[in-house]
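K.L.:
From the sequence below, what's the structure:
(4 chains)
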Number of protein chains: 2
Amino acid sequence: MRISKAEATDSVNGSSLPRQRRTYSIGELARMFEVTPRTIRFYEQEGLLAPERRGQTRIYHEKDRVRLKLTLRGKRLGFSLAEIREVIEMYDAMPDGNARQLKRLLEILADKRSNMERQLEDIRLMQRELDDVEMRAREVLERLGQP
Amino acid sequence: MRISKAEATDSVNGSSLPRQRRTYSIGELARMFEVTPRTIRFYEQEGLLAPERRGQTRIYHEKDRVRLKLTLRGKRLGFSLAEIREVIEMYDAMPDGNARQLKRLLEILADKRSNMERQLEDIRLMQRELDDVEMRAREVLERLGQP
DNA sequence: CAACTACTTTACGTTAACGTCAACGTCGTC
DNA sequence: GACGACGTTGACGTTAACGTAAAGTAGTTG
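P.N.:
Residues are numbered from 1 along each chain as shown, chains lettered A, B, ... in the order given. Alright, predicted model coming up:
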C-alpha cells in the first residue's frame, strides 16, 4: 500500500475540451503515477494496456493514461490485474457485445459493487477501532505527563 | 478478493455480557471466518496470534477470535500482515509503552487513516465508473430488444 | 480395536506482481 | 564520436501469503 498523491486530475470521459493530441512516453507516464516503466510494460503484457508503437517505442495516448489510472485505482481497492482486465475487455467489446456477454458484465459489476459495499463497512469499522486505539494511546501519554 | 459473509456478529470491546468462557478449536475458527486452518497457523507463525496450548493442540479464546477478525478486515483493506502485526504489537505493549513508542503508534494510525480516506475516494470514483458502464451496457441490451 | 475425525509439524510448491540485470538500439549534444 | 538519457526485449530473482502433501498423535465411536 503506497501513499501516492499526484494522479493528474482529469475526468474520465467528460472531456469538454478536446485538446487531446497529447501523447506520453513510458517514462513520463511512470513518473506521473509513481510507478516504474517495468510496471507499465508488465500491465501491457497482461493485456491491460495496448499502446501504439512508433518503431519499437511505445506511444501512450489519453486513452491509455485513463486505463492506467483506472487500473491503479482498482489495485488500491484490492482487485487483481486479471479482474481488472476482464472488466476492461468487456467494456471494449461492448458496442457489439452479444447479450450473454453483457449480462455477464452486469454480473461482474454487481459483484464489484457488493465488494465495495463491504469495504465501506470495513472502513467504518476500522475507523472506529483506530479512534479507540488512539484514545487509549493519548490517555497513556497524558498519564506520562507528555502532551 | 473473496466474498465471505459470516464473520460472527459481536462488537469489539463493548462486551456487556461477559459470558466469555467459550473457546474454539482451529477448525471452528476456520469455518467461522471461511479460511483454512493453514491460514490461521500461518498467522500465528507471523506473530498475529498466540493461542493457548493444551498439549500440542491450540485453544483459541475470544481475544484470539477478535484478533483474527481484525486481521482479516485489515487484509480486505489491503494492509499487509506485517503492517497489521505492527499495530497489534504496539496495541499490546500500550499500557507500559514508553512515549516514543506511543507517538510512533499515533503516526501509524494517522497513516492508516489517510490511507482509508483515499480508499473512500477511490470507492466513490469507482462507483461512478460502474454506474457509467452499467448504463451503457443496459442501453445496448435495450437496443437488442432484450430487457 | 479398528476406523474415523480432527489436530499437529515439517517441508516443499505455487501464484501474483513486479524487481533486477544484461545486452542492445537511438537520440541529442558537447 | 563519445557520452548520457531513455527506450527495447529477454530472462531470471524475489516476496507475500498461503496450498499441499507426508507422516504422526489423540480422542471417540460403532
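
K.L.:
element containing residue A:69?
P.N.:
helix A:62-76 (DSSP states H and E).

K.L.:
and the angle for the helix or strand bottoming out on mean pLDDT in chain A with helix B:99-143?
P.N.:
Least confident element among the helices and strands of chain A, by mean pLDDT, DSSP states H and E: helix A:99-143 (a mean of 88). On the basis of axes from the mean of the first three to the mean of the last three C-alpha atoms, to 10 degrees, helix A:99-143 is oriented at 160 degrees to helix B:99-143.

K.L.:
Just confirm yes or no for helix A:99-143 near chain B.
P.N.:
Yes: using C-beta under 8 Å from any C-beta of the partner chain, helix A:99-143 comes into contact with chain B via A:99, A:102-103, A:105-106, A:109, A:111-116, A:118-120, A:122-123, A:125-130, A:132-134, A:136-138, A:140-141. Quick note: C-beta positions are derived from backbone N, CA and C, even for glycine.

K.L.:
Wondering if the helix holding residue A:69 reaches DNA strand D at all.
P.N.:
No: Helix A:62-76 lies apart from DNA strand D when judged by C-beta under 7 Å from any atom of the strand; the minimum separation is 11.7 Å.

K.L.:
For that helix, buried residues please.
P.N.:
Going by neighbour count (16 or more other C-beta atoms under 10 Å in any protein chain shown), the buried part of helix A:62-76 is A:62, A:64-65, A:67-76.

K.L.:
what sits against residue A:113?
P.N.:
Counting by C-beta atoms under 8 Å, 6 or more residues apart in numbering or on different chains, residue A:113 makes contact with B:127, B:130.

K.L.:
mind checking how far it is from residue B:133?
P.N.:
From residue A:113 across to residue B:133, the span is 11 Å (C-beta to C-beta, to the nearest Å).

K.L.:
next one: residue A:118
P.N.:
Taken as C-beta to C-beta, the span from residue A:118 to residue B:133 is 20 Å.

K.L.:
cool, and residue A:30?
P.N.:
Residue A:30 is 27 Å from residue B:133, by C-beta to C-beta.

K.L.:
before we move on, the earlier item: now the residues of helix A:99-143 next to chain B: which count as buried?
P.N.:
Buried members of the residues of helix A:99-143 next to chain B, counted by 16+ other C-beta under 10 Å: A:102, A:105-106, A:109, A:112, A:115-116, A:118-119, A:122-123, A:125-126, A:129-130, A:133, A:137, A:140-141.
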